[in-house]
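Colleague: okay, predicted coordinates and the sequence, questions at the end:
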Amino acid sequence: MLDASNRLVPEGSYHMPLKPLIAAVFLGLVTMAGVGMAQTARESREEIIDLLGRLPDIAPLRDQLIEQGFRGEKLALVEEHTRLMMNDRVVAGYIADRLIALYDGDLSAGVATEGLVAPLYDSGVTHLSLPEMRFFHQMQRALLDAMSQRNCGLIVKGQMRPQRMEDTLGRAETRFSLKTLRTYYRIQRKAVRLGVTRAPRQLSPRDHARTERRIAQALRERVQSQENSRGLTRTLDNLAGARPAAACAAGKLFADVILEMEGKDLRQALLYLGRL
């Protein structure tokens, strides 16, 4: 994808799993309790928050996690992660407000399907320390290696259904060590909590343009160094029409280019990425 200045840059529609798609645990739990939640919405915000805290115990989450491949300590860890998230009253209060807005017609169902706390991730991740931001995005990149090339490509192309993506990412997570998952989930919870009270950190127009040029130059150099440089360029020029395997390879390369940056360049690149 070359612009008027003959620069190779990622298109705005370039879907990369380097920002979280909220683990549909939350949306799934709320869907399972839909009727009761709507009735409770008429009663009080505090009762909704209390109900959210109980959902991990009353909804069939465990069966879903076992089906995805979670076992033993990893199963216990992801269940505890969900309980901690849903029992955080700051986060639960935000979710409750969105549920009330959805019930009152102030929030479209289309927005809800994006995930009730997805906006918190988008904002909160930008306020993490640089080591935490790097780890978080490295994990998103590593998830691509933990799934088939076809699934990877469909996610990169933005062509995988949300429910299938939830299952695919869940199965991929089971392949990581307990230590890695513990760190990943801790950072997730921190990002979500930060996102409740903070707007996304954004680049100034000048830094945005400078960062775009920096990424474009690094990406061009990396593509040109590859044996299949012409194929990669064609894929990046027409990602939507690329084969899943080719899209997967291009997506991984794009992520690697960004994650190999350091210091201020890395932070600005990750902030830039969050706006795609």
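Modeller: Okay, I see it.

Colleague: number of nearby residues for S129?
Modeller: Counted with other C-beta atoms under 10 Å, the neighbours of S129 add up to 11. Yep, even glycine has a C-beta here, placed from its N, CA and C like the rest.

Colleague: now Y121
Modeller: A total of 22 residues lie near Y121 under the criterion other C-beta under 10 Å.

Colleague: R189 is in contact with that one, correct?
Modeller: No. Counting by C-beta atoms under 8 Å, Y121 sits too far from R189 to count as a contact (10.7 Å).

Colleague: ok, Q202 to R134 distance?
Modeller: To R134, Q202 is 19 Å away according to C-beta to C-beta, to the nearest Å.

Colleague: between the two, point out the one with more neighbours.
Modeller: Taking neighbours as other C-beta under 10 Å, Q202 and R134 compare with R134 leading, 17 against 13.

Colleague: I figured that one hits A269, correct?
Modeller: No. Judged on C-beta under 8 Å, R134 makes no contact with A269 at a distance of 10.6 Å.

Colleague: just give me how far the helix or strand where D256 lies sits from the chain centre.
Modeller: For D256, the element it lies in under DSSP states H and E is helix 244-259. From the chain centre to the centre of helix 244-259 is a distance of 16 Å (C-alpha atoms, centre = their mean, to the nearest Å).

Colleague: can you offset everything so residue one is 11?
Modeller: From this message on, residue numbering opens at 11, which makes the last subject helix 254-269.

Colleague: which helices and strands sit right next to it?
Modeller: In this structure, helix 254-269 makes packing contacts with helix 140-155, helix 159-166, helix 215-234, helix 239-247, helix 273-283, judged by 3 or more C-beta pairs under 8 Å, 6 or more residues apart in numbering; DSSP states H and E.

Colleague: so of the ones you listed, which one's packed in deepest?
Modeller: helix 159-166 (a mean of 22; mean count of other C-beta atoms under 10 Å).

Colleague: what's in contact with it?
Modeller: Contacting residues not belonging to helix 159-166 are listed as 25-27, 154, 157, 170, 175, 178, 249, 252-262 [C-beta atoms under 8 Å, 6 or more residues apart in numbering].

Colleague: now list the buried members of these.
Modeller: 25-27, 154, 157, 170, 175, 178, 249, 252, 254, 256-262 (16 or more other C-beta atoms under 10 Å).

Colleague: please name the residues that touch the nearest residue to V101 once chain neighbours are set aside.
Modeller: Excluding the flanking residues, the one nearest V101 by C-beta to C-beta, 6 or more residues apart in numbering is V202, at 5.6 Å. Applying C-beta under 8 Å, 6+ apart, we find V202 in contact with 95, 98, 101, 127, 130-131, 134.
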